[in-house]
Structures are given as C-alpha cells and as structure tokens.
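Novice: Just a sequence and a predicted model for now, questions to come.
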Amino acid sequence: MKIKCAWMYHDIMDLYGDKGNIMTLSKRAQARGIDFEVDTIGIGQEADLCQYDLCFMGGGADKEQVALIPDLLKRKDNIHQAIAQNTFFFLICGGYQLFGQYYETVDHQKIEGVQVGSYYSLTGKDKSRCIGNVVCDANLDGIHLRLVGFENHGGQTMNVEHPLGRVIQGNGNAFDAGMEGYYDGHILGTYLHGPLLPKNGELADFVLVKALQKRHPEFTLQDLAPMDNPWQAPARKAILDRYQLNDQPE
Amino acid sequence: MSKLSVLAARTSLCLLSMVGRGGSMPGTIALKLDPDSLSKLKFNGPVILVTGTNGKTSTANMISSMFEKAGKRVISNRKGDNMKAGITTAILTHTKMNGTVDADVCVLEVDELNIRHVLPYIPVSALVVTNFFRDQLDRAKEMEQLINSIESVLPNYQGTLVLNGDDPNTVRLALKAPKANAVYFGIGQNQYSVLNGLEAAEGKFCPICASRLHYDYYQYSHIGHYSCPNCDFKTPEYDVALSDINLTSQTFVIDQHQYQGPYEGMYSMYNYAAVAAVMKHFNVPATAFDAMLKDAPKPAGRNEHFTKGNQEVILNLIKNPTGANEVLKVIEQDQNEKAIVIVLNDKEQDGTDVSWIYDTHFEKLMDDQTKQIICTGRRAGDMALRLFYGDYQNDLSIEDDIDQAVSKALASSEHVYVIATYTALLVARKAITKEMGL
C-alpha cells in the first residue's frame, strides 16, 4: 500500500519543528510496510491536490505566511474538490487558520481563507499570545485520545463548529477557550506544535488511516500492526506529571 | 537623583558582594530610585552595544579584550546579565559620584529585546549586530516582532551600526536608521560556501518589497550572498571582510595579514569579522586584535575540553537550531568512535518549547562512529523520540540522573561529547569533572 502526501508550502510553513510531523508519519507508515511518498508544493508550483491521499500544512511566521495567500487562494477550488474526493487535510496553527473563513493579522489586516470551516481567527489583544504546554482530550470518530502539545499563537479562533477536543491544560482555540482545534472527518486543524505527532503516535496512526481510506475505504485502525516505541511514554510523562495528569483521556 | 542612584547601586553592590551575590540587583535598585539613571551619566569614550541571536557573548568579550590589549580601561557586563538592570549595574558601579563613567570604553552585551530599553538612554557610538535566528521563540515571539522592537528606537539613532552584511535580517536595520551610518562586515564566497541552504532559514523575503530573496550561495543557515530580484536590496559591499578562511586551522586573513582565532566553526569567523569591523571603525591597532585572539580564554561550555589519560570529554552549549547545527558539524568531523550525552532542559532560559530539536540536524550524529547516545534532562524523552523518528540505529537510552548519564558514556567510549542546553550547562560541567575525577 502507498500514501501520497502533499506537504504544502514546506519552506514557508515550517516554524516550530512542524517537519517532525512528516518524519513521524513517514516512519510509522514504513514500519507497517506502507510506502509514504512526500511531494513538497511551493508557491507557483502546479499540483492537483485530488491526486493526494493526505495534505499537510504547518505554521509560519506572520509576515512569511502572508506571502503565500494569493497562491493558496488560487488553489481554493482544487482544495474543495480534493476534500470532496476524500483527501485528508492535516493542518497546524497557521495552516489551520488559513482554512477558515478569514484571519486577522497582527496589524489588523483581514485575510480571506480557504473557507472550508465556518470558523475565523481574530488577532490577540495588544499582540498577546497563547503560549505554553497543552493537554487536550480529543474525540476522533469515537476514538478518544489524550493529546500533548505546545501552543504558540496570537490568533483567536472563533465559531468552531466541530472542535477537535476539550482542553485540560492550556488555552486552545483562544484564550481560555476550553476547546482546541477542529475536526470534521475530512480536515484536522489544530494549534498544537511540539511537534504534535511524535508524542502522539496514536494520532499519527489515525491520520495515516484517514489517508489510506481514500483508496482503501475498508481499511481501519485495527489493520495497522502495533509499533514498538519506548520513548513516547517518557516524553509524554514529562509534561503530564507537571500538571498531575495521567495518560488516559477523561 | 543621579548621585543617589549611583550611591545606591554602589552600596548595594558592596553589600551584595559581602553576602556573595551581585548580578543585576544593584541596577534594579538604582532603576527603582531613578528610572532615568542611565541618561544622566557622562561618558568620556565610546559606548559599544553588542546584540544578536548567536555569538553576542563571544563577540562582546573579544571587543572588550581587544580594547584592553590596546591599553584602554573597559567597562563590560562580561560576568553577567544582559538585561537592562544588569547593564545599569555594570555602568553605575564604575561611575564616579559626579556622574562621570570612569572608563575609556564601555562594551555592553545587550539582550535583543532590551535594546529598546537601553539604546535611547545612553550615548551609543556603535551598535554591533551579529545575526538574527530563531532563538527561544516562545520568549522572543516571532523574530519579526523582535526585529521590529529594535527598529522602533533606530529613527533617532545617530551612532554607527556595525552589521553582518551577509544576514538580511541585520542589514534591514539600516533602512530604519536614517541618521546613523552603517558599517558592514562579511565573508566572501569560499570553499565552505554551498549553493543550497538546507538548514532552518529565516529572512527568505525581502524586507522592502517582500519578494523571495535570491541567494548566490550560503555560508550557513540563511547567512550568505543574497539579492532581491525585484528591488535594490542585496548583500551590501563589505567595509571589513575576512578572506582565505580555514576552519581546520581556524585561520583567516584581513588586509593581507593572517590571524588565528581561538574558536571553531563558521559562526566564529563571523564573530571575528564583527570584532575586526569595530577595530577598524575605532582605529584600534591590529596588534591589539592579534593579541586578543592569542590570549582569548575559552568560555565555559563552549567547546570546552576535559582530558584524563586517554579519555576526552568535550562540552558544548546548544540553544537553537543554528548554533546546535554548527556544534553537530564539528562532532560529525571527529572520525573516532564516540558516545554522546544530550541534556535537554525546558526552563525559561532554555526556551520552554523544545520543538527546535526537530529543526536541528541531529542526523549528523547518525553515523557508524556514534555508538551510543544517552538522553537526560527535563525533556530527555523528547530528545530520545527525536532521535528515534530521525532513524538513529545505534544504542539509545534515557538516564534521569546526569551523573549516571556521563558515567555510562565514559564507561563505553574514550571520546565523549556532552551537549547541553543553557540551564543544564553548569550541572553538566560538574558531572563531567566529578565522573572523570578531575
């Protein structure tokens, strides 16, 4: 089996080690005998996203992010088409914001998004930012996972119809939002860096399965062989212990 | 008022030194008594500020030492704190009761976010900027905001900017300083230059028109020879350039004269270039520059060697991808079989976000010579995960105790490298001397 992954704007949206997500997906796929093929897609590069099983976009610095907007908006129809054809979108921070209705930059410019979700993002008051460790309990089609990550965002995302999960520690979509991220079956958007996937291997597997299901609708999580990784538990524990939390979703 | 704050600072320093402290407390007290403490002082010689992401401590120390070799009396904050209170302490404790600063030259290392709190209040002759990289982004927020904070105090600055011409992020400062003159240092194309930059890179876009910058070559990270395809922004002509650089012998040439530096790596070459630019600008004799390089002490934990019999341990500080990549390049060049201890902490001064380890090329450790990697520190698990997902194949382990980690490495290899984040550096040093019996 094979997963074709499009890594959108890899050279701009690569803040806070988000490339670790691709490393994780690739290693976890290969460990199960699944080819994981990554194409990077930069500004001006022709690509049909419908050809891909998975599209990934990370976060970028405010100023650099603005540079890719015209190119991204040119792909808007193609993105909606790809979603309709079951390409799975995994989006972090800036990538997440850009798929909403619009987002507001630090200097209060309002920038149109891809408008996949009904959510939109405002800028933090007086340039304030949500920064710190985050623990949240996600519900992914009935699979409950405790996620551990790090947030660092000025954007305050509002009107999120389908949040990814409930915040146990940290802020989430906005200051004291209580809810983090967005998940609607086709798109998973989140503010969580860390990078997110290395410490949340089960989420990585979930993303792999969603991607595989485009061409193999019958494929489920149970079809993935278990994977030995002795380092995830201690890495998670270092964070969870600080907030006296255990490693089980509530 | 100014007399009072000078007195207060000196008295508190005296008291604190009796109880074995110092640091920034005297300056904090002086600033409480008189927030304008600094602006009321009289300086008789040049005041030089040094800032930037990497190399500001080495560069400031070399500048201080160079002036001392030239026979000048120098005030510096060499021992410590580079925030406003620490800087105030350094100056006020060398100030006479009439408010005259008692020195020929002031050389102050200043934290990037504190430039705006210092520069407008003292008569700065030169602001030296080494480079801007991602560094502890959770504290400094995005680099853009950090640069903006420095730019905000430049419109009225009338001194000299000493800028890294090969870093677009520092060169852009000159655009915001119409009353200042700019001096550029740099290094031309050489045997180490590469055509493709693969490391985490900032400054991809032109600060004037936001077009993507074109690079003829890179020296490391985003440092290199760039130009904007759409407007005039480009690597400026150098006022001071190093040529014939050799990273093995650590030698370089300025004005047909060869020098040998004490520090390794391309990033150190840029620090030498910054110091040389200061030398030229203030007409310091080249003999003082040379004497400084010959006598320069190695700062603790910057490529610090410990030896006993056949056993050698080398300790290095890592604090961001760029600095860490340079350290890893040096380790990669060592063809001996080796064991490595990585100490990863996430306290405030380390940066509470450890994601930068994924922007760092730990893949350089993934060769046959690296037999063992031991992870320790508050985020040892994250470090082990990073190596696991980077496909490291040899022996990997986590040790909670740093002494244990060092002892285990010493037991398995004659060549040990310890790399530690900021708050782990002193503990790592202690563990090394203890476990080696030094």
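Specialist: Yes, it's here.

Novice: for the stretch 201-350 of chain B, what spans make up the helices?
Specialist: For the stretch 201-350 of chain B, the helices defined by DSSP state H, counting those that start in this stretch occupy B:266-281, B:286-295, B:321-333.

Novice: Dump the first one to CSV, keeping only the CA atoms.
Specialist: Looking back up the chat, that one is helix B:266-281. Only the C-alpha atoms of helix B:266-281 are listed here, as CSV (Å, rounded to 0.1, in the frame of the first residue of the first chain):
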residue,chain,number,x,y,z
MET,B,266,32.0,29.3,10.5
TYR,B,267,29.9,31.2,13.1
SER,B,268,33.0,32.1,14.9
MET,B,269,34.5,33.5,11.7
TYR,B,270,31.6,35.9,11.7
ASN,B,271,32.3,37.0,15.2
TYR,B,272,35.9,37.7,14.3
ALA,B,273,34.7,39.8,11.4
ALA,B,274,32.4,41.8,13.7
VAL,B,275,35.3,42.5,16.1
ALA,B,276,37.5,43.4,13.1
ALA,B,277,34.9,45.9,12.0
VAL,B,278,34.9,47.5,15.4
MET,B,279,38.7,47.6,15.3
LYS,B,280,38.7,49.4,12.0
HIS,B,281,35.9,51.8,13.0
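
Novice: and A:Ile83, that's in a helix?
Specialist: Yes: counting by DSSP: H, G, I helix; E, B strand; the rest coil, A:Ile83 is found in a helix.

Novice: Could you report the neighbour count for it?
Specialist: Using other C-beta atoms under 10 Å in any protein chain shown, A:Ile83 has 21 other residues around it. All C-beta atoms are positioned from the backbone trio N, CA, C, and that covers glycine.

Novice: same check, this time on A:His193
Specialist: 26.

Novice: Of the helices of the stretch 201-350 of chain B, which is nearest chain A?
Specialist: Of all these, it is helix B:321-333 that lies closest to chain A, at 8.7 Å by C-beta to the nearest C-beta.

Novice: which of the helices of the stretch 201-350 of chain B is buried the deepest?
Specialist: Looking across the helices of the stretch 201-350 of chain B with neighbours counted as mean count of other C-beta atoms under 10 Å in any protein chain shown, the highest average goes to helix B:266-281: a mean of 24.

Novice: Redo the helices of the stretch 201-350 of chain B as a markdown table? Include mean pLDDT and distance to B:Tyr121.
Specialist: Below are the helices of the stretch 201-350 of chain B laid out as a markdown table (pLDDT from 0 to 100; distance: least, C-beta to C-beta, whole Å):
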| stretch | mean pLDDT | distance to B:Tyr121 |
| --- | --- | --- |
| helix B:266-281 | 96 | 21 |
| helix B:286-295 | 96 | 29 |
| helix B:321-333 | 90 | 30 |
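
Novice: which regions of the stretch 201-350 of chain B lie under the pLDDT threshold?
Specialist: By pLDDT under 70, the low-scoring segments of the stretch 201-350 of chain B are B:201-203, B:298-299.

Novice: Swap in 80 and give it another go.
Specialist: Filtered on pLDDT under 80, the stretch 201-350 of chain B yields the residue ranges B:201-204, B:248, B:264, B:297-301, B:348-349.

Novice: Pull up the residues of it that are close to chain A.
Specialist: Residues of the stretch 201-350 of chain B lying near chain A by C-beta under 8 Å from any C-beta of the partner chain: B:Glu202, B:Lys204, B:Phe205, B:Ala210, B:Arg212.

Novice: In TSV, list those residues along with neighbour count.
Specialist: Output for those, formatted as TSV (neighbours: other C-beta atoms under 10 Å in any protein chain shown):
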residue	neighbour count
B:Glu202	23
B:Lys204	19
B:Phe205	19
B:Ala210	14
B:Arg212	18
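
Novice: Of those residues, which is the nearest to A:Phe36?
Specialist: Closest approach to A:Phe36 among these (C-beta to C-beta): B:Lys204, at 26.8 Å.

Novice: was I right about the closest one contacting A:Asp14?
Specialist: No: B:Lys204 is not in contact with A:Asp14 according to C-beta atoms under 8 Å; the separation is 10.4 Å.

Novice: tell me the contacts of the residue positioned nearest the centre of chain B?
Specialist: Closest to where the C-alpha atoms of chain B average out (C-alpha atoms, centre = their mean) is B:Gly55, at 2.2 Å. The contact partners of B:Gly55, by C-beta atoms under 8 Å, 6 or more residues apart in numbering or on different chains, come to B:Thr130, B:Asn131, B:Tyr267, B:Ser268, B:Tyr270, B:Asn271, B:Ala274.

Novice: Out of those, which comes closest to A:Asp71?
Specialist: Nearest to A:Asp71 among those is B:Asn131, at 29.3 Å by C-beta to C-beta.

Novice: Pretty sure A:Ala225 sits against A:Ile34.
Specialist: No: counting by C-beta under 8 Å, A:Ala225 sits too far from A:Ile34 to count as a contact (10.1 Å).
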